[in-house]
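Peer 1: predicted model and sequence below, questions to follow.
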Amino acid sequence: MKITLLLLPLLASLASPSRADTLYQMNPQGRQVVVQRDAIVVSEDSSFVVYKHFELKDRRVEIVRLNKGTLPYQVETASPDYRRQIVDIWKRFGLKATVTDLAGKATRVFDVYLDFYPPGGRGSLLESIPPTTSFAILMDNGGADEVEISKIDRVQIQGDRLKMTLRNGQVEEGKFLMPTNQPAEARFLGITDQYNPASQQVFDFSLPLASVKEIRFD
């Protein structure tokens with residue numbers, strides 16, 4: 001909550017010159033109200049409008065699907081340049097990391113988070129399991145912990161084992177704890193400098209956690 005209260009005015013002040021997509025809706029009293037500023041609309045038809053925006057509470061980019069229902073929405077669409085500017089602002093406020101895969105390739109990634117998919121990358125994400133910005137670990141001493149990324153300096157990964165070095169110097173080692181007993185694959189996601197603002201996805205970087213060697217967070 002404290003982070004949100006501190007970032008909200010700053011994000012608003014930085015975003016205002018960019019004027020990315022803005023969504024309006026007519027309320028029952030016939031007044032036009034702002035639903036969302038600084039968004040990027042990715043699709044719209046007679047029934048739904050779908051947009052992405054930076055969610056301060058979760059510190060990541062999220063997709064919102066609005067049912068137009070009986071009260072119509074109006075979309076004010078920004079230019080491609082303004083859309084690129086708002087993505088740059090999202091990248092400034094999201095969690096950042098340098099990810100090194102098993103082959104030694106390092107990638108700079110912004111607005112990072114974990115999500116869960118069917119094993120082997122087959123099929124879509126497991127919608128019943130929400131994305132997360134934390135690592136859950138079953139520690140070798142028998143305890144369990146769930147650590148927010150903002151508290152982690154780096155994570156070294158070997159298979160399903162984690163060695164987490166926290167920003168306070170504490171080290172936790174153990175097995176990555178999946179949020180489900182069903183077969184699933186954890187992936188580390190985010191956006192890179194090549195991210196297309198018009199993309200219908202909120203990421204352009206996706207790597208199974210089992211294919212990651214190390215993650216260093218800013």
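Peer 2: Now that the structure is in, tell me what you want to look at.
Peer 1: worst-scoring helix or strand of this protein, pLDDT-wise?
Peer 2: Least confident helix or strand, the chain: helix 2-15 with a mean of 44, by mean pLDDT, DSSP states H and E.
Peer 1: the helix or strand just after that helix - what's its average pLDDT?
Peer 2: Counting by DSSP states H and E, the next helix or strand C-terminal to helix 2-15 is strand 21-26. Strand 21-26 shows a mean pLDDT of 91.
Peer 1: which residues touch strand 21-26?
Peer 2: The contact list for strand 21-26 (Cβ atoms under 8 Å, 6 or more residues apart in numbering) reads 32-41, 49, 51, 66, 71-78, 83. To be clear about C-beta, it is placed using only N, CA and C from the backbone, and glycine gets the same treatment.
Peer 1: for residue 209, give me phi and psi.
Peer 2: Main-chain torsions, residue 209, degrees, to the nearest 10: phi -60, psi -30.
Peer 1: what is the burial count for it?
Peer 2: 20 (other Cβ atoms under 10 Å).
Peer 1: contacting residues for it?
Peer 2: By Cβ under 8 Å, 6+ apart, the contact list for residue 209 reads 114, 157, 176, 185, 186, 187, 188.
Peer 1: same thing but at 6 Å, please
Peer 2: By Cβ atoms under 6 Å, 6 or more residues apart in numbering, the residues touching residue 209 are 186, 188.
Peer 1: if I look at the spatially most central residue of the chain, how far off is residue 100?
Peer 2: Residue closest to the mean C-alpha point of the chain, counted by Cα atoms, centre = their mean, is residue 60 at 3.4 Å. Using Cβ to Cβ, to the nearest Å, residue 60 is found at 21 Å from residue 100.
Peer 1: also residue 215?
Peer 2: 8 Å.
Peer 1: looking at those two, which is more packed in?
Peer 2: residue 215 (24 against 17).
Peer 1: how about that one, secondary structure?
Peer 2: strand (DSSP: H, G, I helix; E, B strand; the rest coil).
Peer 1: mind giving me the domain ranges of the chain?
Peer 2: 2-93, 97-217 (automatic domain parsing).
Peer 1: next, residue 145: secondary structure please.
Peer 2: The three-state assignment at residue 145 reads strand, by three-state DSSP.
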